[in-house]
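>>> 3D model of this:
(chains A and B)
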Amino acid sequence: MTLELYNTLTRRKQPFEPLEAGKISIYCCGVTVYDYCHLGHGRAYIVWDTVRRYLMWRGFEVRYVQNFTDIDDKILNRAKAEGSTMQEVSERFIQAYFEDMERLNILKADDYPRATHTLDGITRLIHELEQKQMAYAAGGDVYFAVRHDQDYGKLSGRRLDDMQAGASGRVEADPDGPKKKDPFDFALWKAAKPGEPAWESPWGSGRPGWHIECSAMVRDRFGDTIDIHVGGADLIFPHHENEIAQSESATGKPLANYWMHNGMVNVDGEKMSKSLGNFTTIRQLLDAPNAPDPMAIRLFVLQGHYRKPIDFTAESILSAKNSWERLKEGLLFGYKFGQQLGWTDTSDASFGNPAAMRIPAESEAVQRFQTAMDDDINSPGALAALFELAKDLRREGNIITHEGKTNADPQMLRQQWQTLVVLAQVLGLEAKPQPEAASELSDAEIERQIEQRRTAKAAKNFAESDRIRDQLKAAGIVLIDKPGGITEWHRG
RNA sequence: GGUGGGUUGGCGAAGUGGUAACGCUGCGGUCUGCAAAACCGCCACUCGUGAGUUCGAAUCUCACACCCACCUCCA
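Take a look at the predicted model:
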């Protein structure tokens, strides 16, 4: 089977071939750290984390680098508003970023370069562009001359002459306008304004523009060309277009062989964004009363294809919550029933650890999973394979709970369970057994209450028998009335 | 105006030529004092509209309609 990925640059799916056999370099555009991450950011990083995990599972050695933009007007504005500094603000939101992403089970990048730590690379790059006549200084600023770049627009599929300068309605707000030779030229370096953080450079004191940091970081960390560059679809233009312009004008080589972009999170059919004010931060979502499990959020994201928009609604989150409960039951199967099935290693430290599991690669579930994921990361298709495994396990688990045994082969169940755990983990979906909620009720006490209820039922005093049933339910004890007046029970 | 994407059951969502995965919701049955849980089963003769190609199309072609994103804040 071959892995195919959709490449924004060529506008089609292409078989994936890394620069160096077995190794993959990925650069992901990170956040500007001036506020908490919202669900839109969450989706992006869940998607790229999943791509990374999948490529690792596929046997590649993946090096994954993601930046923090810690020099920016919005950070400065926030610092001013708070009477603090740009560094304090960015430091705080970098920490918040890590907390939020950890909750979503997003693996740490191999490296997190920051704009403030990349000034040398940035000024070097600008200097080269200037020498190649691709950039010009103007009043302490330096701009990239888009008209000098023959390829400009190739990623976003635009031609300069077709574009409407200012179509986004924000051009009036651009104070650099008059210094530019062309409205589409963009800043590589901005002259310092009084009272703002600034760095020395050949063009005077100032700070880097937004796009240049990514070009410099890729070069610093990987060299001229990387395998895959990823980010939100809203970055295609101008951010990634400008990265390509800068990097490729300087090096004469492709910046990235594959460009992948995730779709947006919509709210009521419109993009979630700061400016529309329709955003929900990850912590708001996860800390709300009756909040979804972070894994439900992952599921919510992965149930849609990464390139399409997904709609964030109360209903879609509820659906994801319920779906996750299903999957979780399957994932916990081994912990709950392994011992009863006679598995001998349930108390080993490595029990349940996907890294220690060997699963048959030729099984139908694995094949379906891989076929789906190989097809441009079709996670909804991959999930279908997981749900089918989970459905079987859930049924067997229920049979054991209700009948005390199952006729299914314990080793086959084990294999199914392990397959589910391993594949779910590739999607970053993991469930750990909760430490048994220590019910204050002893077994004997529960049996005594059930006996009381039996007596009440025999006397047709159903009000009393229902009261006892509700009371036990509130304590986490579920009663199962079976034919013949037998009542079984289990916790939670 | 330019560019890209979308339109599949009540909701979400896969599916690029062979007759509609999967999840949620809902419904029916068994069981029950009634429930719950569980188990069994059901829910798109149809894929935005119209035409065409083909033995055969959700899938290809051409029109049309509607929706969304981007066009220097953006994941």
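
>>> Next, A:Leu276: phi, psi?
phi -80, psi -10 (degrees, to the nearest 10).

>>> how much space between it and A:Asn266?
10 Å (C-beta to C-beta, to the nearest Å). (Each C-beta comes from the backbone N, C-alpha and C, glycine too.)

>>> repeat for A:Ile446
Separation of A:Ile446 from A:Asn266 (C-beta to C-beta): 48 Å.

>>> Neighbour count: A:Leu276 and A:Asn266, which is higher?
Per other C-beta atoms under 10 Å, whichever of A:Leu276 and A:Asn266 has more neighbours is A:Asn266, with 16 against 10.

>>> For the more buried one, which three-state class applies?
strand (DSSP: H, G, I helix; E, B strand; the rest coil).

>>> for it, what are its contacts?
A:Met272, A:Pro309, A:Ile310, A:Asp311, A:Phe312 (C-beta atoms under 8 Å, 6 or more residues apart in numbering).

>>> at 10 Å instead, please
The contact partners of A:Asn266, taken as C-beta atoms under 10 Å, 6 or more residues apart in numbering, are A:Gly40, A:Met272, A:Asn278, A:Pro309, A:Ile310, A:Asp311, A:Phe312, A:Thr313.

>>> Could you pull up the mean pLDDT of stretch A:77-86?
Taken as a whole, stretch A:77-86 carries a mean pLDDT of 95.

>>> Then stretch A:369-379?
What stretch A:369-379 shows for mean pLDDT is 96.

>>> Between the two ends of it, how far is it?
End-to-end distance for stretch A:369-379, by C-alpha to C-alpha, to the nearest Å: 8 Å.

>>> what about that stretch and RNA strand B, touching?
Yes: if you take C-beta under 7 Å from any atom of the strand as the test, stretch A:369-379 does meet RNA strand B, through A:Ala372, A:Asp375, A:Asn378.

>>> ok, now stretch A:287-306?
Yes: on the criterion C-beta under 7 Å from any atom of the strand, stretch A:287-306 is in touch with RNA strand B at A:Gln303, A:Gly304, A:His305.

>>> For RNA strand B, give me its nearest residue in chain A.
A:Gly232 (1.8 Å; C-beta to the nearest atom of the strand).

>>> Skip the chain neighbours and tell me the closest residue to that residue.
Nearest non-adjacent residue to A:Gly232, counting by C-beta to C-beta, 6 or more residues apart in numbering: A:Ala44, 5.2 Å away.

>>> so that neighbour sits in a helix?
Yes: counting by three-state DSSP, A:Ala44 falls inside a helix.

>>> Now do the contacts for it.
By C-beta under 10 Å, 6+ apart, the residues touching A:Ala44 are A:28-31, A:37, A:230-235, A:261-265, A:301, A:306.

>>> and the residue nearest to A:Ala256 when sequence neighbours are not counted, helix, strand or coil?
Leaving aside its sequence neighbours, A:Ala256 sits nearest to A:His229 (C-beta to C-beta, 6+ apart; 3.6 Å). Three-state call for A:His229 (three-state DSSP): strand.

>>> Who does A:His229 form a beta bridge with?
Applying DSSP bridges to A:His229 yields these beta-bridge partners: A:Tyr27, A:Trp259.

>>> what's the burial count for it?
Counted with other C-beta under 10 Å, residues neighbouring A:His229 total 27.

>>> Hmm, A:Asn67 and it touching each other?
No: applying C-beta atoms under 10 Å, one finds A:His229 not in contact with A:Asn67, separated by 11.6 Å.

>>> Quickly list what's touching both of the two.
A:Tyr27, A:Cys28, A:Cys29, A:Cys214, A:Val218.

>>> burial count for the third one?
Meaning A:Cys29. Quick note: A:Cys29 (other C-beta under 10 Å) scores 22 neighbours.

>>> Let me know the distance separating the closest residue to it other than its chain neighbours from A:Trp259.
Once flanking residues are discounted, A:Cys29 sits nearest to A:Gly231: 3.7 Å by C-beta to C-beta, 6+ apart. Per C-beta to C-beta, A:Gly231 is found 8 Å from A:Trp259.

>>> Repeat that for A:Leu299.
Taken as C-beta to C-beta, the span from A:Leu299 to A:Trp259 is 27 Å.

>>> Of the two, which one has the most company?
A:Leu299 (28 against 22).

>>> Assess the claim that that one and A:Lys321 are in contact.
Yes: contact criterion C-beta under 10 Å: A:Leu299 and A:Lys321 qualify, at 8.6 Å.

>>> Next one, pLDDT for A:Gly177 please.
pLDDT, A:Gly177: 52.

>>> hmm, I was thinking of A:Gln164
pLDDT, A:Gln164: 74.

>>> I'd like to know the beta-bridge partner residues of A:Val267.
Here A:Val267, judged by DSSP bridges, has bridge partners A:Glu270.

>>> and it, how many neighbours?
With other C-beta under 10 Å as criterion, A:Val267 counts 18.

>>> Can you give me every residue that contacts it?
A:Leu39, A:Gly40, A:Ser273, A:Leu276, A:Asn278, A:Phe279, A:Thr280, A:Asp311, A:Phe312, A:Thr313.

>>> Return the residues of the stretch 301-450 of chain A in contact with RNA strand B.
Residues of the stretch 301-450 of chain A lying near RNA strand B (C-beta under 7 Å from any atom of the strand): A:303-305, A:307-311, A:315-316, A:318-319, A:322-323, A:326, A:372, A:375, A:378, A:380-381, A:383-384, A:387-388, A:391, A:394-395, A:398-399, A:402.

>>> For ChimeraX, write the selection for the buried entries among those.
Applying 16 or more other C-beta atoms under 10 Å to these leaves a buried subset, and the ChimeraX line that selects it is:
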select /A:303,304,305,309,310,323,372,375,378,383,388,394
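
>>> for A:Gly334, what are its contacts?
A:341, A:343, A:346, A:351-352, A:393, A:397, A:413-414, A:416-418, A:420-421, A:433.

>>> Identify the farthest-apart pair in these.
Using C-beta to C-beta, the two most remote members of the contacts of A:Gly334 are A:Gln416 and A:Pro433, lying 17.9 Å apart.

>>> Quick check: which ranges of chain A have low pLDDT?
Within chain A, the ranges that satisfy pLDDT under 70 run A:1, A:166-178, A:435-439, A:492.

>>> Downstream of the longest helix along it, the next helix or strand is which one?
In chain A, taking DSSP state H as the definition, the longest helix is helix A:379-403. Next in sequence after helix A:379-403, counting helices and strands by DSSP states H and E, comes helix A:410-426.

>>> Any buried residues in stretch A:66-84, and which?
In stretch A:66-84, the ones that count as buried by 16+ other C-beta under 10 Å are A:Gln66, A:Asn67, A:Phe68, A:Thr69, A:Asp70, A:Ile71, A:Asp72, A:Ile75, A:Leu76, A:Arg78, A:Ala79.
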